[in-house]
Each structure stands twice: as C-alpha cells, then as structure tokens.
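Enquirer: Quick check, what structure comes out for this input:
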Amino acid sequence: MKLNNNNFRSTEKLRVSHFYSLRLGIVLFSLIFGVNFSYAWITEHGAGRGGYVLPQNLVKEGITFAGTKVPIERPSVHERIIEQLNYLLMDRRASVAEWLNRFVAYGPILTDALKKNNVPVDLVYLSIILSELDPNHKTRSGGYGWWALGPSRNGSQKNGVPWLTTNDWDDRRDPEISTNIAADFFQILRKREPKYDWLLTICTFIDGPDKIGAILKKSPGFYYWDIVTPPSSDLLIPRLVALKIIFTNRDFYCVTVTRNKPLAFDEIGRIKLSKDLPLALVAKWTGTVPRNIWKLNTGVDILSGMLPKLDKRSPNGFPLRVPVGTGPKVKKMIQTEGYVAR
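Expert: Now for the predicted structure:
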C-alpha cells in the first residue's frame, strides 16, 4: 500500500508538471507570436471566438451605405457581412492594408470627383474592390483602370466608348477623369430606374440593368437585401459594406497605415501641347524623379512616359499635375521651351 501511494504521488507530480509545462508553453507561444488567449483582449481588437466581429457601437447605432440603411439586425444580413469581414481581414489582410495606404494617397481625388458629380462618396469603396486602387489593374471581364471600365461596362454604347485611349494616354488610368466617366454611368442608371437605391444601382453597374431588372420584376416591392442577385452582385455589396466598416474602424481591427498624407500637387489643367512632353523633363524642372511625376499623372502610359501633344479627339489637350508649389515654374518652362501649341 505504501508503494502504491508513492506511485500515486509520483503520478500526480508528473501531471502537475505537465500542466505547468503546458501553460508555460502557451505563454511562450503568445509572447513569441503575439497571440493573446484572453477572449476579452481579442474582442477589444475586433475578434471573438468565431472570428472577427462588428464593433459594439456600430451594432447599436447601425450603419448606412450610400445613404441606404443596412439592416444588420437581420441575422441573414449580419451573417453575410461578417463572412466578408472575415474574408477581408483574414484572407486579404495584407491587401486591405495596401489598399488603405493607396486610399490615403488617391482617395481625396476620387471622392472629390464623386462629390462634384452628386454621387455618394461611399461608392469609392467600389473602385477599391474593382481596381485595388491600381491604375493599371485589369479584370478578367476586360475592365481596366480605377473603375474597371471596359466592354462589360459599356455594352449599351453603340457609338464607341466615352473615354479616350492612345499609345501614350488612357482616360481610364487617370483617377479624376475615370471617376467622372463612372459617375456619368451611375447617373444614367439612376435616371433609367429612379426607384432604385444606390445598392441596386451598383448591381446594375456590375451585372447590367437587364439582369437586375428581370429579378426585381419577379419580386416587386423588395430591395437588395431581400432578393437573390447574380453571384457577383450578391457577394459584392456585403464586401463593400465590410470594407467600409474596416476602413472606418481600422484601429479596432488593428489595420495599420504607413502613409499619413494624400498626394499634394498643383493642378495645371489641360494643356494644348505642340509636341509630346516627357515626364522625365517635368521631373528635372521640379527637382524630383520621373516616378513621382507619373504617380500624379497615371493616365500617361508607363512605356511611353510622354504627356501627348494635342489630339483632335481631345481638343482641349491633356491634364498635367505637378508637385505642390511647382505649378508656376512648370507653366513658364512649357512656354519657354516651345511646348505650347499656337
């Protein structure tokens, strides 16, 4: 019996030893990899036991997108948004951080253009999803630039497209011009179906008015969150709402931003040039590098590197942006070097 007691005590000591070893291992793991197993800590940083969650204040106060209330109190809607929230923060977290940095740089240009065209600024999130805020982005459906403008966006156009493309320039790559074009499309769709809210307008922009119109005709009186739309729209709207939630609550979700200032520039406007103007020359005039000039003038083809001369399809010339404070000097140099068309 004494021997058995000793064995029992040895076994208990071994179990206790394993228990503390396990706890020590968890502590070390959390210290090394930055994981904290306290559910309270995780919840404060946007996640719960099942993944990322909505901020409590948002759940109480609600959320709108493009002027339309999102019924997050409905379990099905809440689930769809949470699914996209977790997709963006887990599968695409690095991309989201990159989009946010690009948004800091180019967001003001895009949102200002939307405001001028009486389009809700929330639609800027559509540009982020469609293009990743990359002016050279191409989609599988043939879309190109900041708003994925292309064959799938202008199927009803019989007399060509409302944007200009040359060997040196593409309107779809310029943030302001492409946003103006996209805004015109949105307004045309709104006039065609004035009863649609902006969520349904986005769906018609993505999938076409015929498809969305046919669905709503079979379900009169219902709106986006009530119906089943084509897969692209069915996934896109919750993703847009989730992206807005992340961008407006980035501290809550620990999404860091490395860039802290938008692009600063002087808007020279459209210039009627007598000959192509190299961006490298503009860089010399302004004391910077060609890469910085191109970031301000993404409509210029990167292989060409030239702001095009006057084109009959663009009778007012092409726009030029230069580093802030250098506008007067560049205007003078363009004239003195003989680049202005007479």
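Enquirer: pLDDT (mean, whole number) over stretch 116-136?
Expert: For stretch 116-136, mean pLDDT rounds to 97.
Enquirer: Pretty sure residue 86 sits against residue 51.
Expert: Yes. Using C-beta atoms under 8 Å, residue 86 makes contact with residue 51 at a distance of 4.5 Å. (Each C-beta comes from the backbone N, C-alpha and C, glycine too.)
Enquirer: next SSE after the helix or strand that contains residue 205?
Expert: Using DSSP states H and E, the element containing residue 205 is helix 198-207. Next along the chain after helix 198-207, taking DSSP H and E as the criterion, comes helix 209-218.
Enquirer: Could you export that next one as PDB, CA atoms only?
Expert: Output in PDB follows, covering the C-alpha atoms of helix 209-218 (Å, rounded to 0.1, in the frame of the first residue of the first chain):
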ATOM      1  CA  PRO A 209     -29.800  46.700 -65.900                       C
ATOM      2  CA  ASP A 210     -31.500  43.800 -67.800                       C
ATOM      3  CA  LYS A 211     -30.500  41.100 -65.300                       C
ATOM      4  CA  ILE A 212     -31.300  43.200 -62.200                       C
ATOM      5  CA  GLY A 213     -34.500  44.500 -63.800                       C
ATOM      6  CA  ALA A 214     -35.700  41.000 -64.600                       C
ATOM      7  CA  ILE A 215     -35.100  39.800 -61.000                       C
ATOM      8  CA  LEU A 216     -36.900  42.800 -59.400                       C
ATOM      9  CA  LYS A 217     -39.800  42.400 -61.800                       C
ATOM     10  CA  LYS A 218     -40.400  39.000 -60.300                       C
END
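Enquirer: Mind giving me the packing neighbours of the helix holding residue 205?
Expert: Counting contacts by 3 or more C-beta pairs under 8 Å, 6 or more residues apart in numbering; DSSP states H and E, helix 198-207 is packed against helix 175-192, helix 209-218, helix 231-248.
Enquirer: hmm, who's touching that helix?
Expert: Residues outside helix 198-207 that contact it (C-beta atoms under 8 Å, 6 or more residues apart in numbering) are 65-68, 120, 122-123, 126, 153, 185-186, 189-190, 193, 196, 212-213, 216, 223-224, 229-230, 232-233, 236-237, 240.
Enquirer: now stretch 130-148
Expert: Contacts of stretch 130-148 (C-beta under 8 Å, 6+ apart): 95, 98-99, 102-103, 106, 110, 126-127, 149-153, 170-175, 178-179, 181-182, 298-299, 302.
Enquirer: now those residues: which count as buried?
Expert: By neighbour count, with 16 or more other C-beta atoms under 10 Å, those hold 99, 102-103, 106, 110, 126-127, 149-150, 152-153, 170-175, 178-179, 181-182, 298-299 as buried.
Enquirer: Sort out which of those are in helices and list them.
Expert: Judged by DSSP state H, those include 99, 102, 103, 106, 110, 126, 127, 175, 178, 179, 181, 182 as members of helices.
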